[in-house]
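Q: got a predicted structure here, sequence first:
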Amino acid sequence: AANGTLDTNNIMTTLVYVDATKGWLATENEAKTNVVPATYVAATGGTVATSGNYKIHSFTSSSNFVVSDAGNVAGSNKVSYVVVAGGGGGGGDNLGGGGGAGGFREGRAPAYDSYTASPLVTPDGLSVAVQTYPITVGGGGSGNGGAGSNSVFSTITSTGGGYGGRTPSHPQNGGNGGSGGGAYAGGTAGSGNTPPVSPAQGNNGGTGNPGEPSGGGGGAGAVGSNATGGAGNSGGAGGNGVASSITNSSVTRAGGGGGGSYTAPGGAGGSGGGAA
């Protein structure tokens, strides 16, 4: 007829009634811990590669990233990402400014991923749910001063690169974008990181020299070079891109295009970008 007290958290006690003499006997008395089994993000889509315990999904055209398991904090419930937009087109003639690189945005989930990221990495990745995420891969701009197209994953949008400036009968100024386009001779360079995000997704283009040559397009890691000197000088170099090892090897992406020159070679493209 006495009261008993269970004073251990998560205790499991099984009592068996034997008879009137022995009464209730405890046949099991064990403290249990609440252990949540680890689960991990699982998904399909893109070109999939495996590196150790990691799956890498690469998209070079628009498609879907389909999450079938969102994971949990005991395993993983976030993904790292790099999203690069299409680069801007060059000015389209001998003196055209260099196209700006498409915007570069990266996030790394530090609790799970330890690869070497770019200097532009944000301090965390993205949480995912069991759903389909449309992936938009932006194309490059035309070679006649066309802007690049945006790339999108979930809440992350990288802006297409700004176009390179053209002759006075067309816009002389470089276009704004993820990175800005280089200016035609005498024009104004395009602005990068437009619209603004933090860390910045790109840099400004370079200015053109009056007469000849033109400025380089901005890159994710550096501004496009200004054109220097007059006729007979090369166009400004494109701004360098940035390197990330998210695909298990270091790859430099989002370099700006080199500016054009009428009587000399065009400027060099920035690392991870194209030449004039």
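A: Received the coordinates, thanks. Numbers count the residues shown, from 1 in each chain.

Q: in the protein, which helix or strand is least confident?
A: Within the chain, no helix or strand scores below strand 24-31, which has a mean of 68 by mean pLDDT, DSSP states H and E.

Q: next SSE after that one?
A: Using DSSP states H and E, the helix or strand that follows strand 24-31 towards the C-terminus is strand 41-44.

Q: quick check: neighbours of that following strand in the sheet, parallel or antiparallel?
A: strand 63-70 (antiparallel) (DSSP bridges).

Q: residue 51: neighbour count?
A: 11 (other Cβ atoms under 10 Å). (C-beta placed from N, C-alpha, C; glycine too.)

Q: ok, it - contacts?
A: Counting by Cβ atoms under 8 Å, 6 or more residues apart in numbering, residue 51 touches residue 248.

Q: likewise for residue 59?
A: Residues in contact with residue 59, defined by Cβ under 8 Å, 6+ apart, are 45-47, 65, 135, 137.

Q: out of these, which is nearest to residue 219?
A: Of all those, residue 219 sits closest to residue 137, with 19.1 Å by Cβ to Cβ.

Q: I'd say that closest one and residue 60 touch.
A: Yes - counting by Cβ atoms under 8 Å, residue 137 touches residue 60, with 6.3 Å between them.

Q: for those two, indicate the residue with more neighbours.
A: Set residue 137 next to residue 60 and count neighbours by other Cβ under 10 Å: residue 137 wins out with 19 against 8.

Q: in its sheet, what does the host helix or strand of residue 252 sit against?
A: Assigned by DSSP H and E, residue 252 belongs to strand 251-253. Using DSSP bridges, strand 251-253 pairs in its sheet with strand 242-244 (antiparallel).

Q: who touches the strand it pairs with?
A: Contacts of strand 242-244 (Cβ under 8 Å, 6+ apart): 82, 104, 106, 115-121, 219-221, 250-254, 272.

Q: show me how far that strand is from its chain's centre.
A: Mean-position distance between strand 242-244 and its chain equals 10 Å (Cα atoms, centre = their mean, to the nearest Å).

Q: tell me the mean pLDDT for it?
A: Average pLDDT, strand 242-244: 97.

Q: hang on, the earlier thing: and the contacts of strand 242-244, which are buried?
A: Buried members of the contacts of strand 242-244, counted by 16 or more other Cβ atoms under 10 Å: 82, 104, 106, 115, 117-118, 120-121, 219-221, 252-254, 272.

Q: of those residues, which pair is most distant in space?
A: With distances taken as Cβ to Cβ, the most widely separated pair in these is 115 and 219, at 21.4 Å.

Q: how many other residues sit next to residue 207?
A: Residue 207: 28 neighbours (other Cβ under 10 Å).

Q: just checking, it touches residue 226?
A: Yes - contact status for residue 207 versus residue 226: in contact at 4.7 Å, counting by Cβ under 8 Å.

Q: joint contacts of these two?
A: Jointly contacting residue 207 and residue 226 under the rule Cβ under 8 Å, 6+ apart are 189, 215, 236.

Q: now render those residues as CSV, adding distance to residue 38.
A: Formatted as CSV, these follow (distance: Cβ to Cβ, whole Å):
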residue, distance to residue 38
189, 50
215, 52
236, 52
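
Q: pretty sure residue 99 contacts residue 163?
A: Yes - at 6.2 Å, residue 99 counts as touching residue 163 under the criterion of Cβ under 8 Å.

Q: what touches both of these two?
A: 88-90, 141, 181.

Q: for these, which PyMOL command selects only the ones that are buried?
A: A single PyMOL command selects the buried members of the shared contacts of residue 99 and residue 163 (16+ other Cβ under 10 Å):
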select buried, resi 88+89+90+141+181
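
Q: what about residue 271, neighbour count?
A: Residue 271: 20 surrounding residues under other Cβ under 10 Å.

Q: and the residue nearest to residue 188 when sequence neighbours are not counted, backbone torsions?
A: Closest residue in space to residue 188, ignoring its immediate chain neighbours: residue 173 at 4.3 Å, by Cβ to Cβ, 6 or more residues apart in numbering. Main-chain torsions, residue 173, degrees, to the nearest 10: phi -80, psi 150.
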